[in-house]
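A.B. asks: got a structure for you, letters missing:
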């Protein structure tokens, strides 16, 4: 019994068939608990008022945006090393989900930033590196769509994912450097905002619902990726059937 | 490999090789900027290093799809892949040829165009040095992007989309060197980081680009 057993599409489909309904229900329940608790049953922050509650969308989405890329990286490596098709398809399935998570993080950040910083957008290191991450997602998805032969597409996108990961990390630190050099003020303001979140520790009143919504977002991501991977496997089968029919 | 380099250079310089395209695009961008932002000397001097870097980057981007497209169409890329020279080496030669024909003219022209943008006197050297150190990274990264999209018809937009985020660190450090140099600040740190990116890209990306080319030619 090893995890590689599920590289077999039939076994993967059989397992996820049983796994998906409880997983979907669990993620919906966790999300509802986390978000409702966060939005309606936490006190307002004494400085930020009720705008602070966007954190229950913003932080989990940002977390999953980065972790989705990591998952794609691992799946790409598995594809390159062991040539399991399910792995390549899972990486493909995770791409758009991660891109949407990045958009959610950027959009909620902008909505929070407008009343708090007085601007929708600032060229702050975190914002900028998320924008770059979004560009990486776009390129990755576009490359999958552009190439017709599916094995070649899987190969090319997994190499892009590897190279892209190196450059994404590089950009993260480059952007830090660039910003300290140019916009000192913005980084201090941002650092202060971050300090409020992590350095001084959010009080448990806010933190526990936040963790619940993080778990909810994680489960949601898992559900969506499994669902999309199943769709990819099935559409690949349909394509194979059609090709067989045409050949016959 | 040297024969390949000479062949690529000759093809680029001949009519229709797009040799002057990048250079004239660079010229157009830098000449148009003052019309766009106004002729104020102080403002121009402040943005000159950044404008020169962006112009150089965009001009490099312009000629990327030529690196492999023509060879792919007439089949010489297949010959290269089966040649006794390792494909990694051939890819590196391609990148060097792109650098010599597309980037080096920009590096030489940038200080001259700096005059038009009233670049401060200290900036000329550092704009030149930063471009000289940074453009190899642009060429190699671009070669990787071109290798990724070689099989795709009308892959120009996709190529730009793929290469754009990969260019960000180089642009940041390169423009930072030029800016600090122009303002008379210490440039060591960004200069070393810029050189590090260039050397790292030169060392590793030919392997990735060759791997990708093999997949595309399969």
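C.D. replies: Yes, it's here. The shown structure was predicted, so the numbers you read here are calculated from the model rather than taken from an experiment. Numbers count the residues shown, from 1 in each chain, chains lettered A, B, ... in the order given.

A.B. asks: any idea how far residue A:140 is from the most centrally placed residue in chain A?
C.D. replies: In chain A, the centroid-proximal residue (Cα atoms, centre = their mean) is residue A:65; its distance is 2.6 Å. Per Cβ to Cβ, to the nearest Å, residue A:65 is found 13 Å from residue A:140. Every residue, glycine included, has its C-beta placed from N, CA and C.

A.B. asks: nearest residue to residue B:151 other than its sequence neighbours?
C.D. replies: Counting by Cβ to Cβ, 6 or more residues apart in numbering or on different chains, residue B:151 lies nearest to residue B:216, which is 4.6 Å off, once chain neighbours are set aside.

A.B. asks: return the residues in contact with the residue nearest to the centre of chain A.
C.D. replies: Counting by Cβ atoms under 8 Å, 6 or more residues apart in numbering or on different chains, residue A:65 makes contact with A:98, A:101-102, A:104-105, A:130, A:133.

A.B. asks: picking that back up, the residue nearest to residue B:151 contacts residue B:155, doesn't it?
C.D. replies: No: counting by Cβ atoms under 8 Å, residue B:216 does not reach residue B:155; the two are 10.8 Å apart.

A.B. asks: next SSE after the strand or helix carrying residue B:56?
C.D. replies: Taking DSSP states H and E as the criterion, residue B:56 maps to helix B:41-62. Next helix or strand after helix B:41-62 toward the C-terminus (DSSP H and E): helix B:66-73.

A.B. asks: now do the buried residues in that next one.
C.D. replies: Using 16 or more other Cβ atoms under 10 Å in any protein chain shown as the test for burial, helix B:66-73 gives B:66-69, B:71-72.

A.B. asks: now the residues you listed in JSON lines, with pLDDT?
C.D. replies: Output for the buried residues of helix B:66-73, formatted as JSON lines (pLDDT from 0 to 100):
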{"residue": "B:66", "pLDDT": "82"}
{"residue": "B:67", "pLDDT": "85"}
{"residue": "B:68", "pLDDT": "86"}
{"residue": "B:69", "pLDDT": "83"}
{"residue": "B:71", "pLDDT": "84"}
{"residue": "B:72", "pLDDT": "86"}
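
A.B. asks: now these as CSV including distance to chain A?
C.D. replies: Below are these laid out as CSV (distance: Cβ to the nearest Cβ, whole Å):
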residue, distance to chain A
B:66, 19
B:67, 16
B:68, 14
B:69, 15
B:71, 18
B:72, 14
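
A.B. asks: report all helices and strands that the lengthiest helix in chain B contacts.
C.D. replies: Longest helix in chain B, counting residues (DSSP state H): helix B:188-217. In terms of contacts (3 or more Cβ pairs under 8 Å, 6 or more residues apart in numbering or on different chains; DSSP states H and E), helix B:188-217 is packed against helix A:150-182, helix B:76-82, helix B:87-98, helix B:123-148, helix B:156-182.

A.B. asks: any chance of TSV for these, columns mean pLDDT and mean neighbour count?
C.D. replies: Shown next, in TSV, are the helices and strands packed on helix B:188-217 (pLDDT from 0 to 100; neighbours: other Cβ atoms under 10 Å in any protein chain shown):
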stretch	mean pLDDT	mean neighbour count
helix A:150-182	83	20
helix B:76-82	85	15
helix B:87-98	90	22
helix B:123-148	92	26
helix B:156-182	90	24
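
A.B. asks: let me have the ones you listed in TSV, extended by distance to residue A:241.
C.D. replies: Below are those laid out as TSV (distance: least, Cβ to Cβ, whole Å):
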stretch	distance to residue A:241
helix A:150-182	14
helix B:76-82	32
helix B:87-98	36
helix B:123-148	30
helix B:156-182	29
